[in-house]
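> please find the sequence and the predicted model below.
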Amino acid sequence: MESNEEEDDVHFGDTYNSGWDEIPVEEEMPAEVTDYFPGAAKTYGMGYTFLSLFNTNENSVYRKTNLYYPFSCKQDWEIASWLLRSGLSMGKIDSFLSLKMIRDLPLSFRSAKELRGQAEMLPSGPRWMSRVLDTSHPMKSPVILYWCDPLECISAILNHPLFHDQLDFTPRKVYSTVQKLCRVYTEWMTGDDAWNMQSLLPQGATLLRTILSSDKMNISVLTGDCVAHPLLFLHKNKRLRGVLVDRLVHQCLDIVLKPLKEAALHGTMLSDPVGQSRYYSFHHEPCMASTTLAQISVVCTQADPSDLQAFFREAQKFRLNGVFEPFWQDWVLTDPSHFFTPETLHVLHKEFWDHDAKWLIFAVGESEIDFCFSVLQPVTSFRCFAEGISKLKQVTGRFSADAAPCGVLVAVRALMDFCYLVQSQSINENDLVHISAALNEFHTSKDAIIDAGVCRGKANKVIDNWYIPKLELMQSVIPSIRNSGVTAQWSADATEHAHITEIKVLVRSSNNNNYDPQICRHLDRLDKCLRFELATILLDKKQNIKALADAARSHMDNEDADDIEVDDDVPVEFLSTIQHDRSRPITNYFAIAQVLQHKPVGSVPLPLHLRPALSDFLQHEASSERDHIHAIGGPRKAGPNAVLPFEKVQVWSKLCLQDTEFHNVHNIRPAQTINCTPPSEPWTHGHYDSIIVNTEAEHLWPTSGLQGHTVAQIRLIFYRFLTYVHRFDIIGVHEPTTQMYVLKRAKRSNGTCMGDVIPISQVCTPVNLVPRFGAAADNRLTAYNSVEHVSELWLNHFWDKNSYFPLSM
C-alpha cells in the first residue's frame, strides 16, 4: 500500500506513532499434485542460438571491430533506430537530417534512402514472400498472397533469448489434492489434448502448439475500400460472394501452413533459447475432422464445386459454408472441434454487448438506462459513461437494471456468471460444475427474454427463436477447457491490436500506393532493428541489465509504450521492482513497502466524530495485543470532547492499494487508486470510495470471501497508516434475482453513521457500489451525489473479475 499525491494537516497536537510493522502473512494454499508425461521433450545436443545465427550474417566480420556495423558507433545506431521505428515518411526523415544541428553530427547516413540501405544490411529474421494466386473466377486485378514461412517464425520465437524459462514443453495432469480426484486446468499443456497427442509421438519428441489468428479489416479510410483480406468481387448474391471469400482464405492458409503440415507429418529439429536441439514430431488420425470431410465428400457428389449456387445449397444441408478443400484436411493431429477454441473477446465480450446489453436496453428503455449509467460514481482508472451506453458500438461493462422484468434479470445474470467463471486463470472440475449450472440456469430462464419481447434484430424486429451462434458456441466451452485448458489463454486482444500496429498504422504512413509490399518491407526493417538491438545489448559488455529490460519493452508497439505512466515516486534503487513483461508495466509496491517514506503535509476539514473514534481506537490499541484486528461499530466510549495525546495529524486524499490475483498469489495486479477527497466542487458531498475491510483475524481475504469482512466507505486517511471509515450493513442474503448483496449505511442509535478508525492494513480491496434505483431513478441524482443520497446500494461483484470470485462465495 502506498499513500499517493496530496497530503494535508488536521490539527490535534503531536503526531502519533503506533510503532506498527507490516508483517506479510502467507496463506497456506492446497497442495497441488502434478503428473508429468514421462519421456517427453528430450534434448539432443546443442544446436544454434540467437547470437550464433546473428553472427552468421555476411557483415559479422566487420562487427569484430565495430559491434554496431554498418553504423559507425552506438550513438549513430540509436539515432538510426529511432528514425527507422518512428513512422516518419522518407520526406520527413530527409527534412530532419537536413537540420543544421543534425548535419553537424558525425552520422553514417545523410538521407532516408541511405538510412534504409544500411538497415537492409542488418541480420535478418524470417523474410516476407509473395505469390500470385490462381482463381477460378475472373478478377479485376491479380490476387497476391504475402506471407512468412511459419516454421521460420516459430523457430525464431522458440530461439529468442528473452523467452528463456518462459516456454513449456511437457504435457501434465494437475490435481487439486494428493488423492487426484479433481483435475485442475490452466494452460494448454494441462488439458487432455496435449497428453493424448504426446502419447502418439515418438519417445522423446516435443509437442509444440501454435496459435493462429485471422480477421478481415479495412486498412484505408474513406477511399479505396482496401482490406487486409481482399474482397474478391461484387456478386449480386452476397452469400455466394462469401463462399468465394471463404474458399480463398482456405487456399491461402493451405499455402502458408504447408511447412507446418510437413513438420507435423515428418518432424523437425529446432533449438530452444539456450541452443538445445529438440525433435518435434507429430502423428495422429483426425477424429471429428473425418465427419466434416465425409460430409464435404457427399456434397461434392451432389453438386459441382464450380457451380456456387448448387454447391452452397447442398452444403447448407450439413450447415457447411461452401468450402470444399479446407486447409486442415491433410494436417495430421488436427481436429476442428478442438483447435477452434472459444475465444474471450468474440465469444464472451461481444456476446455480452450484442445480446445481454441489448436485452436490458430494450427492457428498461434507452433513456432510463442511460441516466442510470450517467449517475454512477466514477472510479479511478475505470471508464465512466456520462452520456449512457445505448448509443455505443461496443461495451464490456456491467449492468444493474432494477426496472427490467425479473425473469430477464435472472437469465442475464446467469449468463454473466457463466462468462465470469470461464474467464478464470485456473479451473478445476468443481468449477466446471458451477459453470455448467450457470449455463443451465440461463437456458431454464431464457424464455422470459422472448416473452418480454426484448430479443430483437434489425430494425427492432422482435425475434422469437434462439438461433444465436454465440450462445450455441458456449456449449463447447466446458469440453474445450478439458481438452485445451482455460478459455482466458485464447483471447484475441493481442492479435486484434496487432492489426492496428502492424497494418493500419503502417498504411497511414505510406504513400497510399501498393500498400502490401510497403507494409512487408517496413515489417522486415522493424524486425531487423529489434533483432540488432537485442544482439548488440547482449554482446556489449558495458550494457547493464536495465538495458535488456528496455529491449524487452521495445518489442511492445509504440502506441502502448507512449501510454505507459511511470511512477515518479518510486526510488531509483527500486526501479527493478517494475514488471515490464506486460503491455503496461506494473510497479510492485509489495517490494518497496518497507522503505516507503512520508512526505510533507497540508490541511483538510476535520471529519465529524473523528475525535471520539480516535480516542476509542487508542484505548483499544493500548489494551490489546500486537496486530489486533479492530472492529467497526459497537458502543462509543469516548465523548465528543475526548482528550487526545496530539493536536494534529497528517492526512492524505488518496492511496494506492495493490493486491494479487485470486487464482495465483504470485501474480501482482496493478495498484488501484482509492479516493478520499473532502467536499469541493463538483463533489459537494466529497469523493469517498468504498472498500472491503477485514474485521476478524481468523478470516483472510480473498479465501474467506465476505466472512469476517465488512463493506465500508473510506472517509479519511491519516498518519500513521490509519483510516476513518463508515460501515455498510448487508441486508439479508443475496438478492435472489441478481445474486448480489444489498447494502445500507450502518447507523448508531442517535442516527449518525457508524464509523471507526482502523489501520490501513485491514483494508483489503476496493469495491464498486451501485445505487439501487428501483423502478425509475430519481432525476435529482448525479455522478457526484448518487452514492450519498440513495438509501440502498448493490454490492456489484461483476465490477472486477478478481473480486467476483470472493464476493460470490
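The structure has been received and is ready for your questions. The model shown is predicted, which means the values in this text are computed figures rather than measured ones.
> where's Gln166 relative to Glu187, distance?
Distance, Gln166 to Glu187, using C-beta to C-beta, to the nearest Å: 12 Å. Where C-beta positions appear, they are placed from N, C-alpha and C, glycine not excepted.
> show me where the stretch 601-750 of the chain has its helices.
Assigned by DSSP state H, counting those that start in this stretch, the helices in the stretch 601-750 of the chain fall at 610-623.
> show me the shaky parts of it.
By pLDDT under 70, the weakly predicted segments of the stretch 601-750 of the chain are 601-609.
> what residues are up against the residue most central in space within the chain?
The residue lying closest to the centre of the chain (C-alpha atoms, centre = their mean) is Asp493, at 7.1 Å. Asp493 makes contact with 344-345, according to C-beta atoms under 8 Å, 6 or more residues apart in numbering.
> mind checking how far it is from Cys384?
22 Å.
> so between Gln166 and Glu187, which is more surrounded?
Glu187 (17 against 9; other C-beta atoms under 10 Å).
> touching, that one and Gln489? I think so.
Yes - using C-beta atoms under 8 Å as the test, Glu187 is close enough to Gln489 to be in contact (5.7 Å).
> report the next helix or strand after whichever helix or strand Cys300 is part of in sequence order.
Secondary structure assignment for Cys300, by DSSP states H and E: helix 288-302. Per DSSP H and E, the first helix or strand lying C-terminal to helix 288-302 is helix 308-316.
> who does that next one touch, helix- and strand-wise?
The helices and strands touching helix 308-316, judged by 3 or more C-beta pairs under 8 Å, 6 or more residues apart in numbering; DSSP states H and E, are helix 238-256, helix 288-302.
> hey, least reliable of those by pLDDT?
For those, mean pLDDT drops lowest on helix 238-256, to a mean of 66.
> so after that one, what's the next helix or strand?
Taking DSSP H and E, what comes next after helix 238-256 is helix 258-266.
> low-confidence ranges in the stretch 401-550 of the chain?
Scanning the stretch 401-550 of the chain with the threshold set as pLDDT under 70 gives 401-403, 507-512, 541-550.
> mind listing the strands for it?
Along the stretch 401-550 of the chain, counting by DSSP state E, counting those that start in this stretch, strands occupy 427-428.
> what about the helices in it?
406-422, 429-445, 447-452, 469-473, 477-484, 493-499, 505-508, 515-539, 545-554.
> okay, now the nearest residue to Thr135 once chain neighbours are set aside: neighbour count?
Of all residues not flanking Thr135 in the chain, Val143 sits nearest, at 5.9 Å (C-beta to C-beta, 6 or more residues apart in numbering). Counted with other C-beta under 10 Å, residues neighbouring Val143 total 15.
> kindly report the same for Gly732.
8.
> against Thr710, how distant is the closest residue to it other than its chain neighbours?
Excluding its sequence neighbours, the residue lying closest to Gly732 (C-beta to C-beta, 6+ apart) is Val742, at 7.3 Å. Distance from Val742 to Thr710, counting by C-beta to C-beta: 14 Å.
> ok, the two, which is more surrounded?
It is Thr710, of Val742 and Thr710, that has more neighbours when counted by other C-beta under 10 Å, with 22 against 18.
> that one contacts Ser690, correct?
No - using C-beta under 8 Å, Thr710 makes no contact with Ser690, being 10.9 Å away.
> overlap in contacts, those two.
Here Thr710 and Ser690 have Phe728 as joint contacts, going by C-beta under 8 Å, 6+ apart.
> give me the angle between the helix holding Cys300 and helix 308-316.
Here helix 288-302 points in a direction 140 degrees away from that of helix 308-316 (axes from the mean of the first three to the mean of the last three C-alpha atoms, to 10 degrees).
> list the contacts of helix 288-302.
Outside helix 288-302, the residues touching it (C-beta under 8 Å, 6+ apart) are 286, 311, 314-315, 317-318, 320, 323-324, 326, 328-329, 334-338.
> go with 6 Å
314-315, 318, 324, 329, 335-337 (C-beta atoms under 6 Å, 6 or more residues apart in numbering).
> secondary structure class for the residue nearest to Val505 when sequence neighbours are not counted?
Leaving out its chain neighbours, the residue that sits closest to Val505 by C-beta to C-beta, 6+ apart is Gly87, at 6.6 Å. Under DSSP: H, G, I helix; E, B strand; the rest coil, Gly87 falls in the coil class.
> also the one 4 residues further on?
Using three-state DSSP as the criterion, the local structure at Gly91 reads helix.
> report pLDDT for the closest residue to it other than its chain neighbours.
In space, and not counting its chain neighbours, Gly91 is closest to Ala112: 7.6 Å by C-beta to C-beta, 6+ apart. On pLDDT, Ala112 comes in at 93.
> I'd guessed Ala112 sits against Ile93; true?
Yes - in this structure, Ala112 is within contact of Ile93 by C-beta atoms under 6 Å, at 3.9 Å.
> please settle this for me: is Val379 part of a strand?
No - under three-state DSSP, Val379 falls outside any strand and is assigned coil.
> now it. Nearest residue, chain neighbours left out?
Going by C-beta to C-beta, 6+ apart, Val379 has Asn768 as its nearest residue, at 6.5 Å.
> now that neighbour. Its backbone dihedrals?
Per-residue torsions, Asn768: phi -110, psi 120 (degrees, to the nearest 10).
> how close does it sit to Asn694?
Per C-beta to C-beta, Asn768 is found 19 Å from Asn694.
> quick check: pLDDT value at Leu234.
Predicted confidence (pLDDT) for Leu234: 29.
> how many neighbours does Ala437 have?
With other C-beta under 10 Å as criterion, Ala437 counts 14.
> can you check the one 4 residues further on too?
Neighbours of Glu441 under the rule other C-beta under 10 Å: 18.
> now it, nearest residue through space, not along the chain?
Here the residue nearest Glu441, using C-beta to C-beta, 6+ apart, is Ala414, at 3.9 Å.
> the one you found contacts His443, doesn't it?
No - the criterion here is C-beta under 6 Å, and Ala414 misses it with His443 at 8.6 Å.
> give me the more crowded residue out of those two.
Set Ala414 next to His443 and count neighbours by other C-beta under 10 Å: Ala414 wins out with 21 against 15.
> which pLDDT value goes with the residue nearest to Leu253 when sequence neighbours are not counted?
Counting by C-beta to C-beta, 6+ apart, Leu253 lies nearest to Phe327, which is 3.8 Å off, once chain neighbours are set aside. Note for Phe327: predicted pLDDT of 75.
> Ala561 now?
Residue-level pLDDT assigned to Ala561 equals 42.
> please begin residue numbering at 15 from this point
Sure, I'll start counting at 15 from here, so that last one is Ala575.
> returning to what we had before: what is the neighbour count of the residue nearest to Val393?
Neighbours around Asn782, by other C-beta under 10 Å: 21.
> residue contacts, Gln437?
Taking C-beta under 6 Å, 6+ apart as the criterion, Gln437 is in contact with 502, 815.
> so Val771: helix, strand or coil?
At Val771, secondary structure determined by three-state DSSP is strand.
> ok, it to Val801 distance?
22 Å.
> so who does the residue nearest to Glu455 touch?
452, 455-456.
> please repeat the previous calculation with a cut-off of 10 Å.
By C-beta atoms under 10 Å, 6 or more residues apart in numbering, the residues touching Ala428 are 451-460, 753.
> can I get the residues you listed in TSV including distance to Pro626?
Listed next are the contacts of Ala428 as TSV, based on distance: C-beta to C-beta, whole Å:
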residue	distance to Pro626
Ala451	48
Ala452	47
Leu453	52
Asn454	53
Glu455	48
Phe456	50
His457	55
Thr458	53
Ser459	50
Lys460	54
Gln753	38
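> my read: Phe396 touches Gln686, true?
Yes - counting by C-beta atoms under 10 Å, Gln686 is a contact partner of Phe396 at 9.3 Å.
> common neighbours of those two, please.
Asp814.
> so these two - more neighbours on which side?
Applying other C-beta under 10 Å to Phe396 and Gln686 shows that Gln686 carries more neighbours, namely 19 against 12.
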